[in-house]
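Q: make a model of this:
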Amino acid sequence: MGTPSISVPFLESILNSGRDVVCVVTQTDKAKGRGHKLTPSPVKEFALSHGIPVLQPKKLSEPSFSEAIRAAEPDYIVVVAYGRIIPAEILQIPKKYPVNVHASLLPEYRGASPIQHAILDGKRYTGVTTMLMSPELDAGDILLQERIEIEGHDTAGSLGIKMAITGADLLLRTLDGVDRGEIVPVPQSHENASYAPLIRKEDGRIEWQDKAENICNRIRAFDPWPGAFTFYNNKKWGIWKAEVMEESFRSSAPGEIVEAGPDGIVVKTGDMALKITEIQAEGKRRMAVTEYVRGHKVEKGVILKGI
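A: Take a look at the predicted model:
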């Protein structure tokens, strides 16, 4: 059970391991683009290209859906970013376990956006967990975990790729270990749980009163979606890459452009300053600041704002 592109390597690794995938469950096709053409999920496209039956229930409570899963007689249900809460009735169907792959070291960062929140919080490490599914969100017993380093240049996109590579291997080790009776589920420490709520578009708004490092983390955490942004003379700028500068520019106000040139646009923050190196003007593509300043005048002294 999965939907976005990050789920595909997990499905592919199961197939390559020689296991029989009896069916794939994914969300219904979505209307996309200007023509609102119905588009299948990446998981559906991959499954159909490999001859795997696909189920797309509108409601997981539909009797026909639970009947189809029972008829498949699965040993496991494996869930990777499916995007919907699965009823307890479905979780009880597999002969062995319903297994979920979660992109954090549980009980840390339960919830919808663990990758983004780990970067937002400036963590140096995160990881992947395989767990038993339970009716409570991401609270099931832990099967295996693998730690992953968050490097200074990592974005949510690049960290997601690391997660997929490590997680796909961890999933196979989990299934093999359970088959051999070598893995004993370990209950989570619920009192130590933290949460990673769903990211919204407006969360990308940069508050220049914040610390430079925190703003830099926000830019990385929201790449590729929803993107960090600010406003220059009431026009939206998407900010895609930036680096912390040690200068404090104490005479300047947070959000003030203190330097602007081909090396970057330097903005005062709540403590130090941030040098913007990749930008996206409203309605334009992403580009290096070096390229942007050739065709656009950026005035020193202008205060960037959140609205």
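
Q: burial of the closest residue in space to residue 153 that isn't next to it in sequence, as a residue count?
A: In space, residue 153 comes closest to residue 220 once its chain neighbours are excluded; the distance is 7.9 Å by Cβ to Cβ, 6 or more residues apart in numbering. Where you see a C-beta, it was placed from the backbone N, CA and C, and this is true even at glycine. Neighbours of residue 220 under the rule other Cβ atoms under 10 Å: 25.

Q: so residue 220, which of the three states?
A: Of the three states, residue 220 takes helix under DSSP: H, G, I helix; E, B strand; the rest coil.

Q: one more: the one 4 residues further on?
A: Of the three states, residue 224 takes coil under three-state DSSP.

Q: that one against residue 160, yeah?
A: No: between residue 224 and residue 160 there is no contact under Cβ atoms under 8 Å: 9.1 Å.

Q: ok, these two, which is more surrounded?
A: The residue with more neighbours, out of residue 224 and residue 160, is residue 160; 20 against 12, by other Cβ under 10 Å.

Q: shouldn't the more buried one be within a helix?
A: Yes: counting by three-state DSSP, residue 160 is located in a helix.

Q: would you map the helices across this protein?
A: For the chain, applying DSSP state H gives helices covering 8-16, 42-49, 63-72, 88-91, 114-120, 156-179, 212-221, 289-295.

Q: now tabulate those in TSV and tack on distance to residue 262 and mean pLDDT.
A: Shown next, in TSV, are the helices of the chain (distance: least, Cβ to Cβ, whole Å; pLDDT from 0 to 100):
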stretch	distance to residue 262	mean pLDDT
helix 8-16	39	97
helix 42-49	38	98
helix 63-72	57	96
helix 88-91	56	94
helix 114-120	28	98
helix 156-179	26	97
helix 212-221	20	98
helix 289-295	5	95
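
Q: of all these, which lies closest to residue 130?
A: Distance to residue 130, taken as Cβ to Cβ, is lowest for helix 156-179 among the helices of the chain, at 4.2 Å.

Q: show me what that closest one packs onto, helices and strands only.
A: Judged by 3 or more Cβ pairs under 8 Å, 6 or more residues apart in numbering; DSSP states H and E, helix 156-179 is in contact with helix 8-16, strand 76-79, strand 97-102, helix 114-120, strand 125-132, strand 142-149.

Q: most tightly surrounded among the helices of the chain?
A: Mean neighbour count (mean count of other Cβ atoms under 10 Å) peaks for helix 114-120 among the helices of the chain, with a mean of 24.

Q: send over it as CSV, restricted to the C-alpha atoms.
A: Output of helix 114-120 as CSV, limited to C-alpha atoms (Å, rounded to 0.1, in the frame of the first residue of the first chain):
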residue,chain,number,x,y,z
PRO,A,114,9.0,13.4,9.7
ILE,A,115,11.6,14.2,7.1
GLN,A,116,10.8,17.9,7.0
HIS,A,117,10.6,18.3,10.7
ALA,A,118,13.9,16.6,11.4
ILE,A,119,15.6,19.2,9.1
LEU,A,120,13.6,22.0,10.6
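
Q: determine the set of other helices and strands touching that helix.
A: With contacts defined as 3+ Cβ pairs under 8 Å, 6+ apart, the packing partners of helix 114-120 are strand 125-132, helix 156-179, helix 212-221.

Q: need the residues that contact the first one.
A: Contacts to strand 125-132, defined as Cβ atoms under 8 Å, 6 or more residues apart in numbering, come from residues 97-106, 108-109, 114-115, 118, 138, 140-150, 159, 163, 166-167, 170-171, 174, 185, 188.

Q: list only buried entries from those.
A: Applying 16 or more other Cβ atoms under 10 Å to the contacts of strand 125-132, the neighbour count classes 97-106, 108-109, 114-115, 118, 138, 140, 142-145, 148, 150, 159, 163, 166-167, 170-171, 174, 188 as buried.

Q: surely residue 235 touches residue 282?
A: Yes: Residue 235 is within contact range of residue 282, at 5.3 Å (criterion: Cβ under 8 Å).

Q: what sits against residue 10?
A: Applying Cβ under 8 Å, 6+ apart to residue 10 gives the contacts 2, 78, 80, 101, 164, 167-168, 171.

Q: residue 72 and residue 23, how far apart?
A: 5 Å (Cβ to Cβ, to the nearest Å).

Q: if we can go back for a sec, so which of the helices and strands packed on helix 156-179 gets nearest residue 51?
A: Nearest to residue 51, of all the helices and strands packed on helix 156-179, is helix 8-16, at 10.3 Å by Cβ to Cβ.
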